[in-house]
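# Just to be clear, the model below is a prediction. Sequence and coordinates:
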Amino acid sequence: MYKYDEYDHAMVAARVAEFSDQVKRRLAGEITEDQFKPLRLMNGLYLQLHAYMLRVAVPYGTLDSRQMRMLAHIARKYDRDYGHFTTRQNIQYNWIKLEDAPAILADLASVEMHAIQTSGNCIRNISSDQWAGAAADEITDPRPWAELLRQWSSFHPEFSYLPRKFKIAVIAADEDRAAMRLHDIGIQIVERDGVHGAAFYVGGGMGRTPMIAPLIKEFVPLEDMLSYAEACLRVYNRYGRRDNIYKARIKILIHELGADEYRRQVEEEFAHVKSLGIDPPKAEFDRIAKQFAPPALDASAPDAIDRSDPDFAVWVDQNVAAHKVAGHAIVNISLKPIGGIPGDASSAQIDLMADLAEQYSHDELRVTHAQNIVLPHVRKADLYAIWQALDAAGLATPNLDLISDIIACPGLDYCSLANARSIPVAQKIAARFSDLGRQKELGELKLKISGCINACGHHHAGHIGILGVDRKGTENYQLLLGGSGAEDVSLGTITGPGFDEDGIVDAIERVTDRYLAERAEGERFVDTFRRVGMAPFKEAIYG
Amino acid sequence: MKLLTGNDLKTGFVTWWTGSDWSIHIEDAADVGEHGEAILAVEEAARRVNAPYIIAGEKTADGPRPAHIKDRIRALGPTVRPDLTLKPADPAAGDWVI
């Protein structure tokens, strides 16, 4: 894992001191809310429905047990004993008091964390593959490149006031576990003739105008990656629209210019940027990469798993994934218990996951964009002990990628932008499909719910997506089918008129029933949808 | 009726204008009638409450009830965590929101 150097420490400490002074002035009435708002947002502090909300960055979703325990400490000391893991691999606290914010940031800084650039029109937290460094299908660990981008983008003077927020994801496997092509820039580390380079997909995103990022450059030598990213941002910063917030994202610019023209301008800019020498010397990258060296795993560790406990065996089948090193596995901890709140974890649960990471996973955890937690480097021989501990804490729901593993934004229960509640809908769907046998019969089915058009719940990318809207003052839910955020990326299509809270649950059941009737051998829900189209599902839903 | 609401500067908690001060309890909210804008201007200048605004509400037997669901959720707390609402002992409190 990356450890802060003196510059990182100094930057974060300076920001804590600066924000502490700003809070003091605000509480003293020396500055207005209009003056203070952009300052607090630069430090991840929002004002939501019930209180201030603090969004803490978890760079590329990676953290160690010390950091995880600090997240639990903050939940316990400053919030209401829980945190909410988000679809951008961050964590949010919903009940923060303004006067506590400086102390929280200081506590975070003590474990090399912060809330910088988790809001505002800047480059946000860099996201990545939650199985990075552990997955058998990756060609390299993408996180050193994500870390390099983090350092480049932190306090980048030219990109602190972009036309709109900017999100970057980095992966290094063909299986896309980070919704890479639904980011402003999606980078896939690829191999050509034995050499690694970066494929740049630019102009993806969800929100009110969802778009899949087109391929802008097939292969950027890695030593040019920062310069190329700089060129991509410069063209956007120069021509992105600032007159209309709904047309300000880079996806709109590229859509209007056309990918070819945008590419031409980026290439022109790149030729100039490359001469500026912003790409780091190899020694600096090697210094970063060294900190992501794989843990010393014993490939001769026992490969067999004692599956005599049937509940444990079910969990292993669903939530444990193959590791690149024999005798080891990746544990996916579901934060989606039936009837629970997707992504929420109590301080005790967060502490427990930290303990398990320290004891069994080389001190590493990951936050996933699907709002779950990963222990990336676990010996198979330890799986049973881990499962027992998780089970006792309500963290062993065996539903990874099943219909109850629902992504849901906080919705109208917490969010000031939301039009409808997301969480109660997620809870009702999970309850309707609570029978695990039924869920497994349906197979991989990614269901995603957003409480407004901003799409924090990734509804466009759900095999089944739900969008909450306000219809004349009442909550209404539109249904979308056929989306995917994975390597088979696609955008969902709205089925037709929306439903009330109970109606949407019934509609989903009709959709899944029709899927079971229509599916061919080996097909997932989304495969069947793509083969048969919308018509049979529409008929099932609306008659 | 018209209600004046905002979030307390220090805590961020939802707060309601009572006619002379602010309260976290919707039951205490006063009908500001046609005086909302004037009160709002004074209170914005006082800088005790963030972004106060005027909403529509109705008088009920249980007290004022905001017209829009968003403000009813603000008044009570998250419907999915009754324990974190202002009425944790009342399991039916959420019915008021819907």
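It's in. Numbering: from 1, shown residues only, chains lettered A, B, ... in the order given.
# what helix or strand does residue A:83 sit in?
With the criterion set as DSSP states H and E, the secondary-structure element containing residue A:83 is strand A:82-85.
# pLDDT score assigned to residue 25?
Just so you know, I chose chain A. At residue A:25, the predicted lDDT confidence score is 97.
# wrong one, I was asking about chain B
Reading off the per-residue confidence, residue B:25 sits at a pLDDT of 97.
# Sheet partners, orientation included, of the strand holding residue A:83?
Partner strands and pairing direction for strand A:82-85 (DSSP bridges) are strand A:91-96 (antiparallel), strand A:344-346 (antiparallel).
# Just after the shortest one, pick out the following helix or strand.
Next along the chain after strand A:344-346, taking DSSP H and E as the criterion, comes helix A:347-360.
# Remind me what whichever helix or strand comes after that next one packs against, helices and strands.
Once the chain leaves helix A:347-360, the next helix or strand it forms, by DSSP H and E, is strand A:364-367. When contacts are defined as 3 or more C-beta pairs under 8 Å, 6 or more residues apart in numbering or on different chains; DSSP states H and E, strand A:364-367 packs onto strand A:62-64, helix A:347-360, strand A:373-379. The C-beta positions use only the backbone N, C-alpha and C, and glycine is treated the same way.
# For the last one, what does the pLDDT average out to?
Which is strand A:373-379. Per-residue confidence for strand A:373-379 averages out to 98 on the pLDDT scale.
# Report all helices and strands that that strand contacts.
Under the contact definition 3+ C-beta pairs under 8 Å, 6+ apart, strand A:373-379 sits against strand A:328-333, helix A:347-360, strand A:364-367.
# can you put those in TSV and add mean pLDDT and mean neighbour count?
What follows is these, written out as TSV (pLDDT from 0 to 100; neighbours: other C-beta atoms under 10 Å in any protein chain shown):
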stretch	mean pLDDT	mean neighbour count
strand A:328-333	98	25
helix A:347-360	98	21
strand A:364-367	98	26
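# And those: which comes nearest residue B:95?
The stretch from these with the least distance to residue B:95 (C-beta to C-beta) is helix A:347-360; that distance is 29.7 Å.
# Next, format the helices and strands packed on strand A:364-367 as a markdown table and append distance to residue A:314.
Formatted as a markdown table, the helices and strands packed on strand A:364-367 follow (distance: least, C-beta to C-beta, whole Å):
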| stretch | distance to residue A:314 |
| --- | --- |
| strand A:62-64 | 28 |
| helix A:347-360 | 19 |
| strand A:373-379 | 18 |
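# Output the longest helix belonging to chain B.
What stands out as the longest helix in chain B, according to DSSP state H, is helix B:36-46.
# quick one, the very next helix or strand once past it and helix B:36-46 angle?
Toward the C-terminal end, the helix or strand that comes next after helix B:36-46 (DSSP H and E) is strand B:49-60. Using axes from the mean of the first three to the mean of the last three C-alpha atoms, to 10 degrees, the interaxial angle of strand B:49-60 with respect to helix B:36-46 works out to 150 degrees.
# Show me what strand B:49-60 pairs with in its sheet, parallel or antiparallel.
Within its sheet, strand B:49-60 is paired with strand B:2-8 (antiparallel), strand B:63-66 (antiparallel), according to DSSP bridges.
# out of those strands, deepest packed?
Sort the strands paired with strand B:49-60 by mean neighbour count, taking mean count of other C-beta atoms under 10 Å in any protein chain shown, and strand B:2-8 sits at the top with a mean of 22.
# Just the residues contacting that one, thanks.
A:47, A:51, B:13-17, B:22, B:24, B:29-34, B:36, B:39-40, B:43, B:48-57, B:64, B:66, B:71, B:74 (C-beta atoms under 8 Å, 6 or more residues apart in numbering or on different chains).
# Quick one: buried ones out of these?
A:47, A:51, B:13-17, B:22, B:29-30, B:32, B:36, B:39-40, B:43, B:48-50, B:52, B:54-55, B:57, B:64, B:66, B:71, B:74 (16 or more other C-beta atoms under 10 Å in any protein chain shown).
# so what's the residue of the stretch 101-250 of chain A found nearest chain B up against?
For the stretch 101-250 of chain A and chain B, the shortest gap (C-beta to the nearest C-beta) falls at residue A:101, measuring 10.0 Å. Applying C-beta under 8 Å, 6+ apart to residue A:101 gives the contacts A:19, A:23, A:40, A:43, A:45, A:52, A:54.
# Show only the entries of those found in strands.
Helix and strand membership here follows DSSP state E; of the contacts of residue A:101, those in strands are A:45, A:52, A:54.
# what pairs with the first one across the strands?
For residue A:45, the beta-bridge assignment (DSSP bridges) gives partners residue A:54.
# Run a quick neighbour tally on it.
26 (other C-beta atoms under 10 Å in any protein chain shown).
# How about the residues of chain B by chain A?
If contact is defined as C-beta under 8 Å from any C-beta of the partner chain, the residues of chain B in contact with chain A are B:7, B:9-14, B:47, B:50-51, B:67-70, B:73-74, B:77-81, B:84.
# out of the residues you listed, which are inside strands?
For the residues of chain B next to chain A, the ones inside strands are B:7, B:14, B:50-51, with DSSP E as the criterion.
# No more questions from me, cheers.
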